[in-house]
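Enquirer: Need coordinates for the below:
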Amino acid sequence: MPVTYASRKPYRSVVDSHVLPKVVQLEGNLYGAAFHLMKLLPADFILKSAEAGGELLPGTTVVETTSGTFGLGLAMVCRLRGYPLVLVGDPAIDAPLRRRLEALGARVSIVSGAELRTSGVQQARLDRLARIQSRLGTYFTPGQYDNPLNPVSYGAVAELLLESLGPVDALVCPVGSGGSSSGIGSFLRSLNPAMRLIGVDTLGSVLFGAPAGARRLRGLGNGLLPKVLDHTLFDEVHWLDAPTAFATTRELHSGHCLYMGPTSGAAHHVARWYAREHPDLKVVALFPDEGHRYTSTVYSDTWLRRNDLLPPALPGAPRTLDHPAQVDGAWSHYAWNRQRHEDVTRQAAGGAA
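Expert: Presented below is the predicted three-dimensional model:
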């Protein structure tokens, strides 16, 4: 019998064709939700909602802070819908990505030098954003870190997962703004209270109470606590270092032909272990973006070797922590147990006392 593929009508735009992921079975009980560009979904949803609510009028300048992927999503939507766009970023926006953003019509403002040393990456970007807003007068800021529409937009992904797979037992999410993990997690949890939400973070990120520091694995973690991140949804949290995530990113490509970015590799590393530890559970991992941005870095042996990012061997299991303050090494794990962030950090203060 010949192989056939479902046909469908043309999409209205490239945005419509890319907002939802492809669901792929990786192992018996492990599935990946692979996005072209995950942040395109909240960018499109927030701008359309602002138009419908009268907050975004024709000709209004959109201005936002971003480390890259949300900015790219906004650039695509703004280009197609005719809005001027100003993006405030940091050196994580490399030259090829900046050229792409500017080719889509965005004006890109990069904080660097003294601003970063004085305030840190996230605060420096927010300070620059505030100065630009004051000069513009009339503008619209999507506010991915604070806007409740960010997690709400991911209801469409939860619906897709349910239609494709039925009930999901465990969802493994790389966490940055917290929009996708909190959004998809809350929708799935409302239908299945036992569904386990597993967050993947990185060293240097403060999202789950670990010590602040430099993050070599960008796109994952954060230097500030976004308001859209609902800590009480999470059952456990894992922290990976950059070499581990980069190596697993390449395994995801060589083993499954999924050419994804390093946050996807981080999610895959944790999800693969979790699925094998729990063979009776249906496990889904989120893969946020494709790997074309990382061809000369993560996918380059020369770059990895030059930056001392080749791991001697992948860790087979995480080191279990008594508290996130102990995060260190290639892979750590903490049973979060749906607690509030302030309650977890208070435990650390009490233990120190």
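
Enquirer: For the stretch 151-300 of the chain, which segments are assigned as strands?
Expert: For the stretch 151-300 of the chain, the strands defined by DSSP state E, counting those that start in this stretch occupy 170-174, 196-202, 236-240, 283-287.

Enquirer: by contact count, what packs against the first helix or strand past the last one going along the chain?
Expert: Per DSSP states H and E, the first helix or strand lying C-terminal to strand 283-287 is helix 301-306. Counting contacts by 3 or more CB pairs under 8 Å, 6 or more residues apart in numbering; DSSP states H and E, helix 301-306 packs against no other helix or strand. For the C-beta atoms, the positions are set from N, CA and C on the backbone; glycine is no exception.

Enquirer: Name the residues of helix 301-306 that are buried.
Expert: Along helix 301-306, these residues count as buried under the neighbour rule (16 or more other CB atoms under 10 Å): Leu304.

Enquirer: Tell me which residues are up against it.
Expert: Counting by CB atoms under 8 Å, 6 or more residues apart in numbering, helix 301-306 makes contact with 243, 246, 296-298, 309-310, all of which sit outside it.

Enquirer: Pipe those residues into TSV and attach neighbour count, distance to Arg125 and pLDDT per row.
Expert: Supplementary listing: the contacts of helix 301-306 in TSV, determined by neighbours: other CB atoms under 10 Å; distance: CB to CB, whole Å; pLDDT from 0 to 100:
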residue	neighbour count	distance to Arg125	pLDDT
Pro243	19	27	96
Phe246	26	25	97
Ser296	11	25	94
Thr297	16	22	95
Val298	23	23	96
Leu309	19	25	95
Leu310	12	31	91
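
Enquirer: Neighbours of the closest residue to Ala43 other than its chain neighbours, how many?
Expert: What sits nearest to Ala43 in space, not counting adjacent residues and going by CB to CB, 6 or more residues apart in numbering, is Gly73, at 3.4 Å. Other residues within reach of Gly73, judged by other CB atoms under 10 Å, total 28.

Enquirer: helix or strand for Gly73, which one?
Expert: Here Gly73 is covered by helix 69-81, with elements defined by DSSP H and E.

Enquirer: what's the distance between that helix and the middle of its chain?
Expert: Taking CA atoms, centre = their mean, to the nearest Å, the mean C-alpha location of helix 69-81 is offset from the chain mean by 16 Å.

Enquirer: Could you tell me which strands the following helix or strand past it is paired with, and in which direction each runs?
Expert: Heading C-terminal from helix 69-81, the first helix or strand you meet, by DSSP H and E, is strand 85-89. Strand 85-89 has the following sheet partners, assigned by DSSP bridges: strand 61-65 (parallel), strand 106-110 (parallel).

Enquirer: buried residues in strand 85-89?
Expert: Of the residues in strand 85-89, those buried by neighbour count under the rule 16+ other CB under 10 Å are 85-89.

Enquirer: got a list of contacts for it?
Expert: Everything outside strand 85-89 that qualifies as a contact, by CB under 8 Å, 6+ apart, is 61-68, 71, 74-75, 78-79, 93, 101, 104-111, 125, 128-129, 132, 136.

Enquirer: what's the neighbour count on the residue nearest to Leu80 when sequence neighbours are not counted?
Expert: Using CB to CB, 6+ apart and skipping the chain neighbours, the partner closest in space to Leu80 is Ser13 (5.6 Å). A count of neighbours around Ser13, defined by other CB under 10 Å, yields 14.

Enquirer: Report the separation between Ser13 and Leu126.
Expert: When CB to CB, to the nearest Å is applied, the distance between Ser13 and Leu126 equals 31 Å.

Enquirer: In PDB, list the C-alpha atoms belonging to stretch 32-41.
Expert: Output of stretch 32-41 as PDB, limited to C-alpha atoms (Å, rounded to 0.1, in the frame of the first residue of the first chain):
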ATOM      1  CA  GLY A  32       8.700  15.600  21.500                       C
ATOM      2  CA  ALA A  33       6.700  18.700  20.700                       C
ATOM      3  CA  ALA A  34       9.100  20.300  18.200                       C
ATOM      4  CA  PHE A  35       8.500  24.000  17.300                       C
ATOM      5  CA  HIS A  36       9.900  25.900  14.400                       C
ATOM      6  CA  LEU A  37       9.900  28.900  16.800                       C
ATOM      7  CA  MET A  38       7.900  28.500  20.000                       C
ATOM      8  CA  LYS A  39       7.900  32.200  20.900                       C
ATOM      9  CA  LEU A  40       6.100  33.000  17.700                       C
ATOM     10  CA  LEU A  41       2.900  31.700  19.400                       C
END
